[in-house]
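Colleague: give me coordinates for this.
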Amino acid sequence: MPEARTPAQIEADIVRRREQLAETLDEIGVRMHPRTIIGDAKARVASTVDHTAGRAFAAVNRCVTDVQAGLRHEDGAPRFERVVPVALLAVGLVGLLVVSARRRRG
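Modeller: This next block holds a predicted model:
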């Protein structure tokens, strides 16, 4: 059989539970505040963007390294049989972009 509690013990228990409930309600209020929700959402988006940008940078860096490796011999000398066509392609693309931009203006 449980021990009988005194009115003072019951009152102290009620006060303690009210304080716990007040803390819980304060915490819920902070979590549900629009600024907190917006801040959490911004943090998640920033984290996702940072992660995605990091992965994209790594992929681009890997691609550039592969292209550079394909344009050079093992000793570091350029492979002209590959460099010249790439350079001509780049010049042709730039020329097409310039012609296209001039046609849009005129």
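Colleague: quick one: contacts for residue 86?
Modeller: Neighbour list for residue 86: residue 71 [criterion: Cβ atoms under 8 Å, 6 or more residues apart in numbering]. (Glycine included, C-beta is placed from N, CA and C.)
Colleague: rerun at 10 Å
Modeller: 67, 70, 71, 79 (Cβ atoms under 10 Å, 6 or more residues apart in numbering).
Colleague: so how far is residue 62 from it?
Modeller: 18 Å (Cβ to Cβ, to the nearest Å).
Colleague: so what secondary structure elements neighbour the strand or helix carrying residue 16?
Modeller: Taking DSSP states H and E as the criterion, residue 16 maps to helix 7-32. For helix 7-32, the elements it packs on are helix 34-70, judged by 3 or more Cβ pairs under 10 Å, 6 or more residues apart in numbering; DSSP states H and E.
Colleague: what inclination does the helix it packs on have with respect to helix 7-32?
Modeller: 50 degrees (axes from the mean of the first three to the mean of the last three Cα atoms, to 10 degrees).
Colleague: any idea of the mean pLDDT for helix 34-70?
Modeller: When pLDDT is averaged over helix 34-70, the result is 94.
Colleague: follow-up on the earlier one: among the contacts of residue 86, which one has the most neighbours?
Modeller: residue 71 (15 neighbours; other Cβ atoms under 10 Å).
Colleague: check contacts around that residue.
Modeller: By Cβ under 10 Å, 6+ apart, the neighbours of residue 71 are 78, 79, 80, 81, 82, 83, 86, 87.
Colleague: now it: how far from residue 99?
Modeller: Residue 71 is 27 Å from residue 99, by Cβ to Cβ.
Colleague: now swap in residue 75 and tell me
Modeller: In terms of Cβ to Cβ, residue 75 sits 39 Å off from residue 99.
Colleague: please apply the same query to residue 84.
Modeller: Residue 84 is 22 Å from residue 99, by Cβ to Cβ.
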